[in-house]
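Participant: whatever this is, show me its structure:
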Amino acid sequence: MKRKEQLEQLREMNADELKEQADALKESLFRLKFRKTLGVGETINDIRREKKTLARVYTLLNKKGAEAK
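Facilitator: The predicted model follows:
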């Protein structure tokens, strides 16, 4: 998925959906790091992508929290 498409999709989510997405990304990141430790496949790019997506989710959560106040 392209970055702009992904960002638009994340912007359409409400705060609860974003929190669920963050939890899913954390779980995915944990599994990727575990696979990296085991030496299974090339996961460095996947880890970077997941980290950046997680950062985008947290940024949107902070914006939505600020708007709610």
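Participant: list the buried residues of the helix or strand of the chain with the lowest mean pLDDT.
Facilitator: Counting by mean pLDDT, DSSP states H and E, the chain has its least confident helix or strand at helix 3-12, which shows a mean of 89. Counting neighbours by 16 or more other CB atoms under 10 Å, one finds that the buried residues in helix 3-12 are Leu10. Every residue, glycine included, has its C-beta placed from N, CA and C.
Participant: show me what it is packed against.
Facilitator: Using 3 or more CB pairs under 8 Å, 6 or more residues apart in numbering; DSSP states H and E as the contact criterion, the secondary-structure elements in contact with helix 3-12 are helix 44-68.
Participant: how far out from the middle of the chain is the helix it packs on?
Facilitator: 5 Å (CA atoms, centre = their mean, to the nearest Å).
Participant: between helix 3-12 and that helix, find me the angle.
Facilitator: Here helix 44-68 runs at 40 degrees with respect to helix 3-12, directions being taken by axes from the mean of the first three to the mean of the last three CA atoms, to 10 degrees.
Participant: what residues are up against the most centrally placed residue in the chain?
Facilitator: Nearest to the mean C-alpha position of the chain, counting by CA atoms, centre = their mean, stands Leu54 at 2.7 Å. Residues in contact with Leu54 (CB atoms under 8 Å, 6 or more residues apart in numbering) are Ala22, Leu25, Lys26, Leu29.
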